[in-house]
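Chemist: what follows is a predicted structure for the sequence shown.
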Amino acid sequence: MCFIKYNTNFIQQKIIVAMNGLAEEECLKNYDLIKEDTRRRLKQSYLSCDDKVSFYKDSFSILSFYETDYLMTNLLFEKDKSILLHLTNDDTFKSNLNFRIENSFSEQYFEVYKISSTEIEIINTLLLDEKLFNFSQDELNASKIPLENTIINKLSLYFVDGLDQSKYILLYYIFIKWLYTNKSTDYINTSLLLYAKINRENNVKLYENFQVLENLLSNLFYFEKINRKSDEDYLILPLFTKLEIESKGLLNQKEKFEKNLVNSKIVSKSKLNKTFTPIFKLLEEEQEERKIDQYINVLKEKIDNFELPDNFEKDYLIKLDVTDYTRIKLNDIKRRLYLY
């Protein structure tokens, strides 16, 4: 009794009473308002609890409908494998789970774990599943580097498409387990490759599906504490973590990744609010031609949808301080708006 013990009033008022009688959709909307606080409480309870099996039973019993995948993330990365083994063989625990998302990675992993005897068998079973990733046996039999690159390629495409969160997250966990199982210690290079690939694939789809992407990112955390001076440091998945040693190349790719996320959010909001100024500002800052083309295409799409800049935005457009390449691309936008 860890999570319940330390959060009795919160659970009673915010989860039980507040959600009583509401439809599922309303419950989920209400939960979004307390999700950050709930996860903070989960972390505190986790660190205060000596019996991790009790912690997970406790937390799943209260939050299964809202946080099954999030809790499963933590469970998959527990160093003590007996915890997961204990829970997957507990029929009462399994029967009480509420897999809200159809075909969630939690449910799939649970089922495979129960019938597989080794980590590598679990990994191979999931990678070969034609409904999931459909790797070929030849790919699995390939040497480590080609298989690693194949997985990285699929991960980057799933991430940028942003349409199937559970598939991306499941493959990500499988990949990390694959690295552990093969005793790979080159996490810096692996992280660099994945960052670089995602940055290369980054495209306008992120703008259209940014809310989906934000939801995906919110599930990429787990509770394992790392040995550092600050008690506030928690290890998160290698794609987003601060590694002990980071190369200049990795730091550069991480900065690009973070910039891409910020810019994607800016464009997403601009599309939603039908404003032009945020995209104009991005064009003033951008030097990379591929990104400039993406922003120009967003402007064209807005005009195609009969969205027009107001007078202030038109004046801003005329005075934009941009590269020669951007200026040439903007000429078509100005022509369509009769600004010549």
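Modeler: Looks like it arrived, so ask away.

Chemist: pretty sure A196 contacts Q253?
Modeler: Yes: taking contacts as CB atoms under 8 Å, A196 lies within contact range of Q253: 4.9 Å. Heads up, the C-betas are built off the backbone N, CA and C, glycines and all.

Chemist: and this structure, split by domain according to the record?
Modeler: The chain breaks down by automatic domain parsing into domains covering 1-100, 116-243, 274-336.

Chemist: low-confidence ranges, the stretch 101-250 of the chain, go.
Modeler: For the stretch 101-250 of the chain, the stretches with pLDDT under 70 are 101-117, 162-166, 183-185, 203-212, 215-246.

Chemist: for it, just list every one of the helices.
Modeler: Assigned by DSSP state H, counting those that start in this stretch, the stretch 101-250 of the chain shows helices spanning 105-115, 119-128, 137-141, 144-161, 165-181, 187-201, 205-208, 210-218, 248-273.

Chemist: looking at this, L63 is in a helix?
Modeler: Yes: L63: assigned to a helix according to DSSP: H, G, I helix; E, B strand; the rest coil.

Chemist: how near is it to N89?
Modeler: Distance from L63 to N89, counting by CB to CB, to the nearest Å: 21 Å.

Chemist: of the two, which one has the most company?
Modeler: L63 (21 against 11; other CB atoms under 10 Å).

Chemist: tell me how far that one lies from L170.
Modeler: Distance of L63 to L170, given as CB to CB: 20 Å.

Chemist: now L140: how far from Y168?
Modeler: To Y168, L140 is 20 Å away according to CB to CB.

Chemist: the two: which is more packed in?
Modeler: Neighbours per residue (other CB under 10 Å) separate L140 from Y168, with Y168 holding more: 24 against 15.

Chemist: surely that one and L157 touch.
Modeler: No: applying CB under 8 Å, one finds Y168 not in contact with L157, separated by 9.1 Å.

Chemist: can you dump the C-alpha atoms of stretch 124-135 in PDB for me?
Modeler: C-alpha atoms of stretch 124-135 as PDB (Å, rounded to 0.1, in the frame of the first residue of the first chain):
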ATOM      1  CA  ASN A 124      12.000 -11.700 -31.600                       C
ATOM      2  CA  THR A 125       8.400 -12.600 -31.200                       C
ATOM      3  CA  LEU A 126       7.300  -8.900 -31.200                       C
ATOM      4  CA  LEU A 127       9.600  -7.900 -34.000                       C
ATOM      5  CA  LEU A 128       8.400 -10.700 -36.200                       C
ATOM      6  CA  ASP A 129       4.700 -10.000 -35.500                       C
ATOM      7  CA  GLU A 130       3.200  -9.000 -38.900                       C
ATOM      8  CA  LYS A 131       0.500  -6.900 -37.200                       C
ATOM      9  CA  LEU A 132       3.200  -4.900 -35.400                       C
ATOM     10  CA  PHE A 133       6.500  -4.400 -37.100                       C
ATOM     11  CA  ASN A 134       6.800  -7.400 -39.500                       C
ATOM     12  CA  PHE A 135      10.600  -7.700 -39.500                       C
END
